[in-house]
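coords please:
(one chain, ligands or ions: 1)
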Amino acid sequence: MTAKRVCVRVPASTANLGPGFDSLGMALNLYAWVEMSFAEQTVFHLHGDQMQGVPTDKSNLIYEVAQRVFERAGVSHPELEITMYSDVPLTRGLGSSASAIVGALVAANKLIGSPLSDDTLFQMATELEHHPDNVGAALFGGFVVAFWDGKRAEHIRIEPLSDLEALVAIPEFKLATEKARGVLPKEITMKDAVFNVGHSSLLVAALCTGRYDLIRVAMKDALHQPYRASLIPGMEKILNEADRHGALGVALSGAGPTLLTLVDRQSTRKKELEAFLVDTLRAEGIRAATLWLKPDADGAVMIEPRRPGQSFMDYIKGEVRA
Ligand code: HSE
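Numbers count the residues shown, from 1 in each chain. Okay, the predicted model is just below:
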């Protein structure tokens, strides 16, 4: 059965978590909302700062992704009304493109009665976005271990530890993933490969078993962070010293420039850690916003349709950060 109007809420995500390059992701409780309905003529309502400059014609990513869903399902719906708001900052390493793509896939699929399985949506999202750790976390929520061989993506979702929190420092400058990938070497040594296999495996085991004492060492990485440090002044100091200010572990979030620390929810040193991150970046001339986030366990979820006459922003208020 097709629905009249659907709305999906999708979380932000952090990828890599240090050593799990392109393979470990975690959903965070910072959200994007995508609402979709059939229309006589395609129209967009884009709300909030993150939507500035986003196309409002049929080249819009949400529109294009929705059309892929319809094509895969063998139906035709060329005209759509699309409404979107996002709190996920763009090009900062918090999975904004994954949340948009997943939001479009899930909303379009729901609109036509959910003919496509979650696995099909995950495969389509990975083909479009290329990072199964980001799209896996955005779609399924929690902590996701994922792999993509260019043809098929596999994932296992793990319930996030409820007493973990994330403090992110989001620099005000943007860093395109392409640029952050461009500084990486084409080949690495066996020593570095072994380093990352060990650390990434240890991190998965530590997060599955609640071994907080091992997170600090397990989040270390030799594949991408050392090369990316040159793009983010202050990053090296933060990676080296955040644990001395109360972090359980620290990493570059995705391709950056956001820095992510994992923190015990009960920690009494939260203010100290926040000041350390902000001051370290400020000393390099970089202004950064900090956000305390919790792991999101739900992934992409449909929310109740809004009442007739209710404005979209009124409908989602209470959960938006702005
Ligand atoms: N795993 C990707 C990278 C992140 O580090 O380049 C993309 O969000």
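
max-length helix in the protein?
In the chain, assigned by DSSP state H, the helix with the most residues is helix 190-209.

what's in contact with that helix?
17-21, 23-24, 143, 145, 158, 160-161, 211-212, 214-215, 217-223 (CB atoms under 8 Å, 6 or more residues apart in numbering). Heads up, the C-betas are built off the backbone N, CA and C, glycines and all.

and what of stretch 104-124?
Residues from elsewhere that reach stretch 104-124 (CB under 8 Å, 6+ apart): 1-3, 6-8, 10, 34-38, 61-70, 72-73, 75, 77, 102, 125, 132, 135-136, 139-140, 152-153, 155, 300, 302.

how about a cut-off of 6 Å?
With contact meaning CB atoms under 6 Å, 6 or more residues apart in numbering, stretch 104-124 is reached by 1-3, 6, 8, 34, 36, 62, 65-66, 69, 73, 75, 125, 139, 153, 300, 302.

which of those count as buried?
Buried by 16 or more other CB atoms under 10 Å: 3, 6, 8, 34, 36, 62, 65-66, 69, 73, 125, 139, 153, 300, out of the contacts of stretch 104-124.

So which of those residues are in helices?
Per DSSP H, the buried ones among the contacts of stretch 104-124 map to helices at 62, 65-66, 69, 73, 125, 139.

picking that back up, Throw the buried ones among the contacts of stretch 104-124 into a markdown table and include distance to the ligand and pLDDT, thanks.
Output for the buried ones among the contacts of stretch 104-124, formatted as a markdown table (distance: CB to the nearest ligand atom, whole Å; pLDDT from 0 to 100):
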| residue | distance to the ligand | pLDDT |
| --- | --- | --- |
| Ala3 | 31 | 62 |
| Val6 | 26 | 95 |
| Val8 | 20 | 97 |
| Val34 | 19 | 97 |
| Met36 | 25 | 97 |
| Ile62 | 19 | 97 |
| Val65 | 17 | 98 |
| Ala66 | 22 | 98 |
| Val69 | 22 | 98 |
| Ala73 | 28 | 97 |
| Ala125 | 13 | 98 |
| Leu139 | 14 | 98 |
| Ala153 | 13 | 97 |
| Ala300 | 17 | 98 |
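
quick one: which of these is nearest Leu293?
Closest approach to Leu293 among those (CB to CB): Ala300, at 17.1 Å.

Name the residues of the chain found near the ligand, please.
By CB under 6 Å from any ligand atom, the part of the chain that sits against the ligand consists of 15-16, 21-22, 131, 134, 177, 180-181, 224, 254-255.

Just the ones in helices from the residues you listed, please.
By the criterion of DSSP H, membership of these in helices covers 134, 177, 180-181.

and the residue in the chain sticking out farthest from the centre, helix, strand or coil?
For the chain, the residue at maximal distance from the C-alpha centroid (CA atoms, centre = their mean) is Glu40, at 33.1 Å. Following DSSP: H, G, I helix; E, B strand; the rest coil, Glu40 is assigned to coil.

Could you pull up the contacting residues of it?
By CB under 6 Å, 6+ apart, Glu40 has no neighbours at all.

swap in the one 5 residues further on?
Neighbour list for His45: Thr83 [criterion: CB under 6 Å, 6+ apart].

Could you give the bridge partners of it?
Thr83 (DSSP bridges).

follow-up on the earlier one: as JSON lines, the buried ones among the contacts of stretch 104-124 with distance to Val278 would be great.
Output for the buried ones among the contacts of stretch 104-124, formatted as JSON lines (distance: CB to CB, whole Å):
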{"residue": "Ala3", "distance to Val278": "44"}
{"residue": "Val6", "distance to Val278": "39"}
{"residue": "Val8", "distance to Val278": "33"}
{"residue": "Val34", "distance to Val278": "32"}
{"residue": "Met36", "distance to Val278": "38"}
{"residue": "Ile62", "distance to Val278": "34"}
{"residue": "Val65", "distance to Val278": "36"}
{"residue": "Ala66", "distance to Val278": "39"}
{"residue": "Val69", "distance to Val278": "41"}
{"residue": "Ala73", "distance to Val278": "47"}
{"residue": "Ala125", "distance to Val278": "34"}
{"residue": "Leu139", "distance to Val278": "32"}
{"residue": "Ala153", "distance to Val278": "36"}
{"residue": "Ala300", "distance to Val278": "32"}
